[in-house]
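# Sequence first, then the predicted structure:
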Amino acid sequence: MRIEEHCPLQEKHTFHLPVKARYYVEYDTVDELCAFLKDSPLLRQYPLYHIGGGSNLLFLHDYPGVVLHSAIRYVETVSEDSDSLVLRVGAGVVWDDFVAYCVEHDWGGVENLSLIPGEVGASAVQNIGAYGVEVKDVIEKVETIDMRTAQPRVFTQEECAYGYRDSIFKNRYRGQYVVTAVQYRLQKKATLHLDYGNLREVVTRCACPTLSDVRQAVIEIRQAKLPDPDKIGNAGSFFKNPVVPVAHYEALKKRFPDMPHYPVDEQWVKLPAGWLIDRAGWRGKSHGGAGVYEKQSLVLVNRGTATVGDITGLADEIVRSIKATYDIELSPEVNYIE
């Protein structure tokens, strides 16, 4: 276990804003985590916040307490049959390293989620998704530690109450449980999911597409439109894609005939937030040192000198603009940390 006081967080979150934590604590095992939660005097004096790869959060100021981070990294097989296998993965494993590992072994289910930043633990909290696939589709169980009691609890996929970029860990149990491992069921004879966006167009350049072809296509598409957070500070998609009633969509369609849409069911339609922001004129716009990325309007970036106020100010302006233009309330996908 490593404890650092007055720790800069600029390189520990992907917006790369100049904020600090009163304490930064990184642990390597579940036993270390439990011992810290039970015995550390820091927790009697300071608030606690657990982070993963720092790819989906925005610190609103210096964090006045303990920022906790997992370095639990392993991949092991739990069970296997002729059709599938279940892998148990430590929460500190880099998500895309895990995806690459699965694809290399020809195990399907997560290839569409290639190049999503962050770590395995956060995948189960956020219900990450891309190109028609959500991680909930492959999660079997989520192993956690209760931060109040330091006792373990295993959640089934159903108990996680997954929704669009949502889970029980983001609402009812927000801040209560630390994910230590996630169990995923991967398929040995995978069905390729190619019906979202322009993925099929890219993949079908190959005569008989494989999992590796899908992964490379997703990487190619993402790199073409999304900034590398190591070069340009950002947290990926800043807003959730709004889900609106069919009647609302039909009314908007009369004003915007080319509006893309994705039916959810007979009553609801999902609209791409990036398209809404782009059509409202925000592409490339700046607010102080923050800006809307030129290649993907869903991404807000730190142009190198952004303050927290620049990012939140830009986000607030966009929310007001989308409400005024489409009568739609955008919600942040990024977690604001007080």
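It's in.
# what comes into contact with stretch 212-228?
With contact meaning C-beta atoms under 8 Å, 6 or more residues apart in numbering, stretch 212-228 is reached by 99-100, 103, 111-115, 130-131, 192-194, 197-199, 202-203, 206, 234, 236, 293, 295-296, 299, 301. Placement of C-beta: from N, CA and C, glycine included.
# Just the buried positions in that stretch, please.
D213, V214, R215, Q216, A217, V218, I221, R222, L226, P227 (16 or more other C-beta atoms under 10 Å).
# and which of those residues is nearest H13?
Nearest to H13 out of those is P227 (C-beta to C-beta; 15.0 Å).
# For the closest one, give me phi and psi.
Dihedral pair for P227: phi -80, psi 150, per degrees, to the nearest 10.
# quick one: it from V319, how far?
For P227, the distance to V319 equals 21 Å [C-beta to C-beta, to the nearest Å].
# who touches the nearest residue to E119 once chain neighbours are set aside in this structure?
Using C-beta to C-beta, 6 or more residues apart in numbering and skipping residues adjacent in sequence, the residue nearest E119 is G52, 4.0 Å away. G52 makes contacts with H69, S70, A91, G92, G118, E119, V120, G121, A122, V125, as judged by C-beta under 8 Å, 6+ apart.
# Could you do Y249 as well?
Residues near Y249 by C-beta under 8 Å, 6+ apart: M259, H261, V269, L271.
# re the thing from before, now restrict the contacts of stretch 212-228 to buried residues only.
Buried residues within the contacts of stretch 212-228, counting neighbours by 16+ other C-beta under 10 Å: 99-100, 103, 111-115, 130-131, 192-194, 197, 199, 202-203, 234, 236, 293, 296, 299, 301.
# So which residues of the stretch 1-150 of the chain form helices?
Under the criterion DSSP state H, counting those that start in this stretch, helices of the stretch 1-150 of the chain are mapped to 30-39, 95-104, 120-126.
# Is E134 in contact with S123, as I believe?
No - here E134 does not reach S123: they are 9.9 Å apart, not a contact under C-beta atoms under 8 Å.
# which one of these two has more residues nearby?
Taking neighbours as other C-beta atoms under 10 Å, E134 and S123 compare with S123 leading, 30 against 19.
# With the flanking residues excluded, which residue is spatially nearest to the more buried one?
V135 (4.9 Å).
# Need the per-residue pLDDT for the one you found.
With respect to pLDDT, V135 has a value of 98.
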